[in-house]
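I would like the atomic coordinates for the input below:
(one chain, ligands or ions: 1)
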Amino acid sequence: MMAGPRLIVLGRQGAGKGTQCARLAAHLDVPHIATGDLFRHAIAARTPLGEQARRYVEEGALVPDELVLDLVADHLGASGARRAGYLLDGFPRTLAQGQALFEVLGERAVDAAVEIDVAPAAVLPRLAARRVCQDCGSVTAAPDGWAHHLACPACGGMARRRDDDTDEAIARRLALYDEEATPLLEWLDGHDLLVTVDGIGSPDDVFARLCAALEARLPASGYQQTGTFRGPRT
Ligand code: AMP
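Numbering: from 1, shown residues only. You can find the predicted model right below:
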């Protein structure tokens, strides 16, 4: 049985990671595991994990590794889940988390890690404009200078700023990304797993670049044989 692709997608906040990951996961037919979304759901549902994570997420700080690893283990613990493959979005975020992932899952923890690269100056206006639908999770950009919520163009629900998209929390998360992600990116590169994709441009352009970069990186996995990444699953 051929296992599904195992991917990590990285990128600073506002790089378009969530949007691209949702498309890529659908395209590759793998589960999209976004730790930030999982924490937000746990917080909204007031689960014990959510209650423990709440203050970190609200402040734009990293949730302690112990809680993050519990969350990820819940989703990747079953061997069936690992066989299906996965697209990890927002995890690992630090070198320690990357090492923990490899320790638990072994050599084939990750086939490739893609960084969507957008400079800090370019993500700031994107984050200020970002509105997330409370019902379907779609991300929409508000018009310049618009400080309020919007009607979601996808489902008509209410698209609001995220609670951690305040100016202070954004600044903290961006600084943290550079500090925490740099050693992780270097380490992934040292393992010859890292691919960097330019994240400037339309979502369609960035998606096309992502697919091209991955196609070149997954030659042995069988996904290339069909020309669409949709390799045999059985
Ligand atoms: P995101 O939606 O990826 O921006 O994540 C939102 C928030 O969830 C972050 O600011 C952190 O508080 C928390 N979080 C998500 N993933 C992780 C992780 N791998 N390690 C630590 N904290 C995380």
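
so Gln20 lies in a strand, does it not?
No: Gln20 is assigned helix when assessed by DSSP: H, G, I helix; E, B strand; the rest coil, not a strand.

that one against Phe207, yeah?
Yes: with contact defined as Cβ atoms under 8 Å, Gln20 and Phe207 form a contacting pair (6.0 Å). For the C-beta atoms, the positions are set from N, CA and C on the backbone; glycine is no exception.

contact residues of this structure facing the ligand?
When proximity is defined by Cβ under 6 Å from any ligand atom, the chain lies next to the ligand at 13, 35-36, 39, 56-57, 60-63, 68, 90-91, 93, 97, 164, 173.

swap in 8 Å and give it another go.
When proximity is defined by Cβ under 8 Å from any ligand atom, the chain lies next to the ligand at 13, 17-18, 34-40, 53, 56-57, 59-65, 67-68, 72, 89-94, 97, 162, 164, 169, 173, 176.

the more surrounded of Gln20 and Phe207?
Set side by side, Gln20 and Phe207 show more neighbours around Gln20, with 23 against 18, by other Cβ atoms under 10 Å.

contacts only, for that one.
Val9, Ile116, Pro203, Val206, Phe207, Leu210 (Cβ atoms under 8 Å, 6 or more residues apart in numbering).

how about the fifth one: what's its closest non-neighbour residue?
The one in question is Phe207. Counting by Cβ to Cβ, 6 or more residues apart in numbering, Arg23 is the residue found nearest to Phe207 once chain neighbours are left out, at 5.5 Å.

I'd like the next helix or strand past the helix or strand hosting that neighbour.
Following DSSP states H and E, one finds Arg23 within helix 17-28. Using DSSP H and E, the next helix or strand after helix 17-28 towards the C-terminus is strand 32-34.

need the contact partners of that next one.
Contacts for strand 32-34 (Cβ under 8 Å, 6+ apart): 18, 21-22, 24-25, 72, 75-76, 86-91.
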